[in-house]
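**Q** Need a 3D model of the following:
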Amino acid sequence: MDHLVAAGIARLVHVEAAVNTLKLADTAIIGIGRSGLSMAHYLMRQGESFDVYDEAPFDVATLGIMANHAQSGALPARMLCQYKRLLLSPGIPWQHPALCAARKAGVVLCGDLELFAADCACPLFAITGTNGKTTVTQLLTELLNYLPGDCISAGNIGTPMLDVFIKEDLSGNNDLPARVVLELSSFQLERSNHIRPQWAALLNIQPDHADMHDSAEAYLDAKLRLFATQKSGDTAMFPLDSRWDALCQELYQRGVHVHRFGLAKAGDLIAETLSAGILQRGKSHRLFWHQLGSMEQLNCRHLSVLGVHQHINLAVAAQGAADAGVPALVIRDALIRFRGLAHRLQDVGETLGKTWFDDSKATNPTAAMAALQSFEQVVWICGGLRKGLDLSPLIPVVRQHVFFAVVIGMDPSPYIEMLDAAGVPYAVAETMELAVDMAAKKGGAKAVLLSPAAASQDQFANYAERGCAFVNAMAGLSTSMPRHEKQT
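**A** Model (predicted):
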């Protein structure tokens, strides 16, 4: 890369004083993580000049991108105001003071979703919500791959969405998929105005990431951008909750086909209004979706994944596949074979007379409540970075389903207060290894559940690292007979 640097293709500048003499491009990328790099490579393929800014140190020469100008350190508001367009990575706060100044100066601010929406010519399926997005995205992608042509999942699920456009076959021609499934976060949606999915689903809204936005209303508004430009012939899915009734009516008047989904008791009139979800008859549950005018059903005891909340997610994916024309027998077989995703109420082994479940992805109280309700009684490992979320809704569920709790995290006090209010005995563990050891030695319940109702960054890099620590500690117990190898 020395010849690139020597040619002035990539230059690091650390002082804003150069603004008067520096020739700026029309576009700047803010944040050069995975999404930022994806946008840079996309612009390079378009032959468009761009600059790069990131508050963290970086060396653009080692990234393999040809930036006109690159700068690390605090975002320079004065310089950013001189661009026509700023492309923001999802991790850059929308309300950053430098970006607010640029917005006020008339600069267009958007993200990779805006670029993707302008260039995507194939059918687009999109999923958003606080919980369950990845499960629905992965299963729906698997189902759509039954149809002729390739189907790719991208977005918040891991693959930057613009990478869809840089896949090439050996002849150098674009090898674009027949359809794309996007998992979209609120951060991605708030940076786009023109996304129009042919099929879209809102799974739920919980206050998990509302603290990262100006308000809970701003968080909700970002999610609902997914449906803002849908038109006649498109499809939208919403939970069976009255808060969505007005929006569903508005979409219906636009000619959008609207599905509602959720949990209903068999025989209730409300069940007849649902396109997909779970029918409950006593203790029996049946997953259902509609196809070619008929209701398709599958007894939930045939499913490998646990939890009504997860079964509802599977029903949403089944309805999306049915809408796309995937045969009912294929959908039924895929539902039965689907093993679920790591760290999402996953059965990870049996040892010392207990079955162990990793639900580390439950980073908020609502997700933990759904997991707890999947069991009669559990030893519950909870705690972590609470993010200011209210734990009081957990109290009645914890009182009913938790035999004993082990609290982890740097600040266990909010969880201790909640457990005291629920009247559930508990212990505090400084490490995951100690928490697992305590849970293993506690009788009275045959299941141990890690479902923290908290983020992980007070003790771990992310929820996946926390889940792996749980699985590895379980696998390390004496006389262990794990179903899975140690995870890394």
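**Q** Endpoints of stretch 347-355, how far apart?
**A** 7 Å (C-alpha to C-alpha, to the nearest Å).
**Q** ah, wrong one, I meant stretch 94-114
**A** OK, stretch 94-114 end separation, C-alpha to C-alpha: 15 Å.
**Q** Centre of the chain to that stretch, how far?
**A** Stretch 94-114 has its C-alpha centroid displaced from the chain centroid by 24 Å (C-alpha atoms, centre = their mean, to the nearest Å).
**Q** Could you list the residues in contact with it?
**A** With contacts defined as C-beta atoms under 8 Å, 6 or more residues apart in numbering, stretch 94-114 is touched by 30, 35, 38-39, 42, 74-77, 80-81, 83-90, 92-93, 155, 160-162, 182, 184, 187-195, 213-214. For the C-beta atoms, the positions are set from N, CA and C on the backbone; glycine is no exception.
**Q** Can you select the buried ones among these for me in PyMOL?
**A** Buried residues within the contacts of stretch 94-114, by 16 or more other C-beta atoms under 10 Å, are selected in PyMOL with:
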select buried, resi 30+35+38+39+42+75+76+77+80+81+83+85+86+87+88+89+90+92+155+160+161+162+182+184+187+188+189+190+191+192+195+213
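**Q** Show me the contacts of stretch 94-114 that map onto helices.
**A** Residues of these located in helices (DSSP state H): 35, 38-39, 42, 77, 80, 187-189.
**Q** how about a markdown table for these, with pLDDT and distance to residue 357 added?
**A** Listed next are those as a markdown table, based on pLDDT from 0 to 100; distance: C-beta to C-beta, whole Å:
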| residue | pLDDT | distance to residue 357 |
| --- | --- | --- |
| 35 | 93 | 32 |
| 38 | 94 | 35 |
| 39 | 95 | 39 |
| 42 | 94 | 40 |
| 77 | 96 | 48 |
| 80 | 97 | 47 |
| 187 | 91 | 29 |
| 188 | 93 | 30 |
| 189 | 94 | 31 |
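**Q** tell me the contacts of the residue nearest in space to the middle of the chain?
**A** When C-alpha atoms, centre = their mean is applied to the chain, the residue found nearest the centroid is residue 133 (4.9 Å). Going by C-beta under 8 Å, 6+ apart, residue 133 touches 127, 156-157, 183-185, 203.
**Q** okay, who's weakest in these by pLDDT?
**A** Among those, residue 157 carries the weakest pLDDT, at 84.
**Q** neighbours around it, how many?
**A** The number of residues packed near residue 157 is 18, by other C-beta atoms under 10 Å.
**Q** OK, contacts around the closest residue to it other than its chain neighbours?
**A** Nearest residue to residue 157, sequence neighbours excluded (C-beta to C-beta, 6 or more residues apart in numbering): residue 183, at 4.1 Å. Contact analysis of residue 183 by C-beta under 8 Å, 6+ apart lists 126-128, 133-134, 137, 153-157.
**Q** Following the chain onward from whichever strand or helix holds residue 421, which element is next?
**A** Remark: residue 421 resides in helix 413-422, with elements defined by DSSP states H and E. The helix or strand immediately downstream of helix 413-422 is strand 426-428, counting by DSSP H and E.
**Q** Which residues does the helix holding residue 421 contact?
**A** Outside of helix 413-422, the residues within contact range by C-beta under 8 Å, 6+ apart are 382-383, 386, 391-392, 394-396, 398-399, 402, 405, 407, 409, 425-426, 428, 453-454.
**Q** I'd guessed residue 280 sits against residue 262; true?
**A** No - with contacts counted by C-beta atoms under 8 Å, residue 280 stays clear of residue 262, the gap being 10.8 Å.
**Q** Compare neighbour counts for these two and give me the winner.
**A** Ranked by neighbour count (other C-beta under 10 Å), residue 280 and residue 262 place residue 262 first, with 20 against 17.
**Q** And for the more buried one, nearest residue in space, chain neighbours not counted?
**A** Closest to residue 262 by C-beta to C-beta, 6+ apart is residue 240, at 3.4 Å.
**Q** show me the contacts for that neighbour.
**A** If you count contacts by C-beta under 8 Å, 6+ apart, residue 240 has them with 260-264, 270, 273-274, 277.
**Q** make it 10 Å
**A** 260-264, 270-271, 273-275, 277, 312 (C-beta atoms under 10 Å, 6 or more residues apart in numbering).
**Q** how far out from the middle of the chain is the helix or strand hosting residue 153?
**A** Here residue 153 sits within strand 151-155, counting by DSSP H and E. Here strand 151-155 is found 13 Å from its chain centre; the criterion is C-alpha atoms, centre = their mean.
**Q** Now do that strand: which elements does it pack against?
**A** helix 112-119, strand 124-128, helix 133-144, strand 179-183 (3 or more C-beta pairs under 10 Å, 6 or more residues apart in numbering; DSSP states H and E).
**Q** how about those in TSV, adding distance to residue 56?
**A** TSV is the format used below for the helices and strands packed on strand 151-155 (distance: least, C-beta to C-beta, whole Å):
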stretch	distance to residue 56
helix 112-119	19
strand 124-128	27
helix 133-144	26
strand 179-183	25
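**Q** Minimum distance to residue 360: which of the ones you listed has it?
**A** helix 133-144 (13.1 Å; C-beta to C-beta).
**Q** Could you pull out the buried residues of the helix holding residue 421?
**A** Buried residues in helix 413-422 (16+ other C-beta under 10 Å): 414-415, 418-419, 422.
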